[in-house]
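1. Sequence first, predicted coordinates after that:
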Amino acid sequence: MSTTTLAVLVPLLPFLGAVAGLLLGRSAPGFVRPLAVLPALAAAVLAVLVAIRQGGGKPITTATELTPTGSVPIDLSLYLDGFAVLVAVLVGVVATCVQLYSTAYLREDPRYPSYAALVSLFTSAMLLVVYSGDLMVLLVGWEIMGICSYFLVGHYWETEAARSASLKAFLVTKLGDVPFLIGLFALATDADSFQITKILGTVAAGGLDHPTLIALLLLAGVAGKSAQFPLHTWLPDAMAGPTPVSALIHAATMVAAGVYFIARLLPVFTASRAALVVMAVMAAVTMLGSGLAALAQDDIKRVLAYSTIGQLGYMIGALAVADRGAAVFHLLSHGFFKALLFLGAGVIIHAAGTNSLAAMSRMDGLAKRIPDAFWTMTIALLALAAIPPFAGFFSKEAVLAAAEHAAGGHSELAPSAAGWVVLVAGVLTALLTAAYATRLWLMAFRGRGATAPDHGKEPVAMTGVLWLLSIPTIGFGLAAGPIADWFDGKALTPTLTTSVLGTGAAAVGAVLTYALWQQATAKAAAVGYGTGVSASAAAAESAAETPEVAEVTHDHPAVPAGAAPDPGRALLGPLHRHAADGFHLDAVYDRLFVRPVRAAASLVRFLDREVVDTYVRGAGAGPRLLGSLVRRAQTGNVQSYLSALLAGAVVLAIATAVLANVNAGS
């Protein structure tokens, strides 16, 4: 079987699984789980075979005209380069893990059949984006992912949070998709084709008439899909969906699509140095802002959501300095350890028995109760904090090395200003990342909150997936050398300068957080827990007495009732309140956009009802009044009609005589 045939089957199998799952979900429930897991597993295996056959060599391309358009043609085409085949492997592996994990996590959910089918469709759409060689076909997968995210984030539609989050995710990403679509049309107009190979050829020949405008329009869509400032606010709220969905969105689909799109069309963006600077600034603001926000979150999934935003900022930063190898390398590395983190968080939530107990400040004794999640999440957090020799260290250092290269003026494509912006922001974000990773580990596994009920050992389908994902989390970074051929042959080894800067910043962040944790624990013990009562009992008693906030002296920060000490409060100080609310961006957008739109809608409604409808009602009232008057004359009395006829005749005779006399006198 040819490589292109195998590549066609990779997105096709999950799609067929989704269709079969929707059709047989109710009539044959016994087939639901096999139809969820097996197509994803088969797609992952085929993706591996395609990657081996492609081997990092010359891109494999094929195309056939999908439909005659009369102008720019739309082709059903494949474009298989090293980046595409490796990203497809990531998507297939993570999707398989998510489907297998979900069979246990949602085993009691009555809507599991539709959930599993939507996850399969989500996977198929992302694989279509990855393998597509035509931008219009890519757009189909891009938009299918948007609607799948709407349904999956809103899976628990009984709750207001899930309904609002799904709608917000859909609308914010659509806000970016409008300029994105315009940019695609402008790009195709200049290149006279939607095929990626022809577009790249046009760019190489200098055929783009408005490269900066096109790049910025496309960047707007990427900012929405990949949750970059200022269109990132939907992603933390999307945590209202099932945890396996969060793992899929954050690790291998949806948010990864934007980064992959820029990597695929990087020459379009490097054609404009101004666009690269804008991209660098966007990445820097995203990295730093999300790192500060993650330090202030109490819900474990929201911490991981802001973490994803920041790590995507690293990838966009690498693209801003024109190094797509470093960007995709970090995308792959991040996909494995972020999937592990979210699925580990799902084990924590499952052990607690309810999604509402995801607050880290109320966790207690989890390291002993769920050792599988404890050890695997520890590995993933070390990778997230970029501690060697875990995968995150190598991929993050590749980004910093690329930024250093551009900052020194050694890049022919990227301006040095973009390099400096990404480098400085990347090092500071490394400190923040290690800080919130350490904080999450301490509060989740060494916390002294209220003990949740023990529901027994977690299912093997869940814990086994964690150990499976821990393998690439540990070893994928070491594969940077062997897989260099898949990254245009460019070495991804870290440099001494960036290694010292990045690892040093991470060490400072981790040590500082641990020291503040110890200090906060001692203060909390002296203030609230120093009465000889266990921490859990004291927390529970405090929560029962004061459900909101327990008052303490001015020497100690307020601690939520029943909560463990939080080093994030000490790290952020007065900034904590603002960071916890995402720096009030939602409030800003509400005042700048939502309220004016609502006011305009109210004005339009008033004009429609009181002005337009008044004219409409008047147009109907006139004939109705005339008809009422005419109806009064129709009495049905023959004598009245004869009298009126006689009177009319007399009047006409008199009028005729008068007119005749007037004419005779003149």
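-> Good, I have the coordinates.

2. can we go C-alpha only for contacts and neighbour counts from here?
-> Will do.

3. Can you list the low-confidence ranges for the stretch 401-550 of the chain?
-> 448-456, 528-550 (pLDDT under 70).

4. can you give me the helices in it?
-> Here the stretch 401-550 of the chain has its helices, by DSSP state H, counting those that start in this stretch, at 416-445, 460-475, 496-527, 535-545.

5. Turn those into JSON lines, columns for mean neighbour count and distance to Ala283.
-> Formatted as JSON lines, the helices of the stretch 401-550 of the chain follow (neighbours: other Cα atoms under 10 Å; distance: least, Cα to Cα, whole Å):
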{"stretch": "helix 416-445", "mean neighbour count": "26", "distance to Ala283": "7"}
{"stretch": "helix 460-475", "mean neighbour count": "20", "distance to Ala283": "24"}
{"stretch": "helix 496-527", "mean neighbour count": "18", "distance to Ala283": "17"}
{"stretch": "helix 535-545", "mean neighbour count": "19", "distance to Ala283": "40"}
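
6. Generate CSV for the ones you listed, with distance to Met239 as supplementary columns.
-> Shown next, in CSV, are the helices of the stretch 401-550 of the chain (distance: least, Cα to Cα, whole Å):
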stretch, distance to Met239
helix 416-445, 16
helix 460-475, 19
helix 496-527, 25
helix 535-545, 25
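
7. Quick check: which of these is nearest to Asp323?
-> The closest of these to Asp323 is helix 416-445. By Cα to Cα, the value is 10.8 Å.

8. Report the angle between the closest one and helix 496-527.
-> Orientation check (axes from the mean of the first three to the mean of the last three Cα atoms, to 10 degrees): helix 416-445 against helix 496-527 gives 40 degrees.

9. can you give me the helices for the stretch 151-300 of the chain?
-> For the stretch 151-300 of the chain, helices defined by DSSP H, counting those that start in this stretch occupy the ranges 160-191, 196-204, 211-225, 234-237, 243-251, 255-264, 266-270, 273-296, 300-320.

10. out of these, nearest to Ser333?
-> By Cα to Cα (comparing all of the helices of the stretch 151-300 of the chain), the closest turns out to be helix 243-251, at 9.4 Å.

11. Show me what that closest one is packed against.
-> Judged by 3 or more Cα pairs under 8 Å, 6 or more residues apart in numbering; DSSP states H and E, helix 243-251 is in contact with helix 82-105, helix 135-153, helix 324-352.

12. between the helices of the stretch 401-550 of the chain, which one is nearest to Ala403?
-> helix 416-445 (4.5 Å).

13. Now do the closest one and helix 273-296, the angle between them.
-> Angle of helix 416-445 versus helix 273-296, following the same axes, to 10 degrees, is 20 degrees.

14. Return the distance of helix 416-445 from the chain's centre.
-> Centre-to-centre, helix 416-445 and its host chain are 20 Å apart (Cα atoms, centre = their mean, to the nearest Å).

15. so what secondary structure elements neighbour that helix?
-> Short answer (3+ Cα pairs under 8 Å, 6+ apart): helix 416-445 packs on helix 273-296, helix 300-320, helix 366-369, helix 371-384, helix 391-407, helix 496-527, helix 567-572.

16. Redo these as a markdown table? Include distance to Ala188.
-> A markdown table is the format used below for those (distance: least, Cα to Cα, whole Å):
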| stretch | distance to Ala188 |
| --- | --- |
| helix 273-296 | 19 |
| helix 300-320 | 22 |
| helix 366-369 | 54 |
| helix 371-384 | 38 |
| helix 391-407 | 30 |
| helix 496-527 | 39 |
| helix 567-572 | 47 |
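
17. Quick one: the helices in the stretch 1-150 of the chain, in order.
-> Counting by DSSP H, counting those that start in this stretch, the stretch 1-150 of the chain has these helices, from start to end: 3-24, 32-54, 82-105, 112-131, 135-153.

18. quick one: buried residues of the second one?
-> Think helix 32-54. The neighbour-count check on helix 32-54 (16 or more other Cα atoms under 10 Å) flags 32-33, 35-51, 54 as buried.

19. where does this protein have low pLDDT?
-> For the chain, the stretches flagged by pLDDT under 70 are 352-358, 365, 448-456, 528-564, 666.

20. if we can go back for a sec, for Ala580, find the nearest of the helices of the stretch 401-550 of the chain.
-> Ala580 lies closest to helix 416-445 among the helices of the stretch 401-550 of the chain, at 12.9 Å (Cα to Cα).

21. could you give the angle of that closest one to helix 391-407?
-> 160 degrees.

22. And what about Pro389, helix, strand or coil?
-> Following DSSP: H, G, I helix; E, B strand; the rest coil, the label given to Pro389 is coil.

23. okay, now it: neighbour count?
-> 16 (other Cα atoms under 10 Å).

24. begin at 40 from here
-> Taking 40 as the first residue, the last one we looked at is Pro428.

25. So it sits against Phe515, correct?
-> No. Contact criterion Cα atoms under 8 Å: Pro428 and Phe515 do not qualify, at 9.8 Å.

26. got a list of what Gly448 touches?
-> For Gly448, the contact set (Cα atoms under 8 Å, 6 or more residues apart in numbering) comprises 454-455.

27. ok, back up a step: generate JSON lines for the helices and strands packed on helix 282-290, with distance to Val655 and mean neighbour count as supplementary columns.
-> Below are the helices and strands packed on helix 282-290 laid out as JSON lines (distance: least, Cα to Cα, whole Å; neighbours: other Cα atoms under 10 Å):
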{"stretch": "helix 121-144", "distance to Val655": "57", "mean neighbour count": "26"}
{"stretch": "helix 174-192", "distance to Val655": "40", "mean neighbour count": "22"}
{"stretch": "helix 363-391", "distance to Val655": "58", "mean neighbour count": "27"}
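
28. Need those helices in TSV (columns: distance to Ser434).
-> Below are those laid out as TSV (distance: least, Cα to Cα, whole Å):
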stretch	distance to Ser434
helix 121-144	15
helix 174-192	26
helix 363-391	5
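
29. looking at those helices, which is closest to Ala322?
-> Nearest to Ala322, of all these, is helix 363-391, at 12.1 Å by Cα to Cα.

30. got the angle for that closest one vs helix 410-423?
-> Here helix 363-391 runs at an angle of 150 degrees relative to helix 410-423 (the same axes, to 10 degrees).

31. With just CA atoms, put stretch 214-225 into CSV.
-> C-alpha atoms of stretch 214-225 as CSV (Å, rounded to 0.1, in the frame of the first residue of the first chain):
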residue,chain,number,x,y,z
LEU,A,214,-13.9,36.3,16.0
GLY,A,215,-10.4,35.4,14.9
ASP,A,216,-11.6,33.2,12.0
VAL,A,217,-13.2,36.1,10.2
PRO,A,218,-9.9,38.0,9.4
PHE,A,219,-8.3,34.5,9.0
LEU,A,220,-10.6,33.7,6.1
ILE,A,221,-10.0,37.1,4.5
GLY,A,222,-6.3,36.5,4.8
LEU,A,223,-6.6,33.0,3.1
PHE,A,224,-8.5,34.6,0.2
ALA,A,225,-6.0,37.4,-0.2
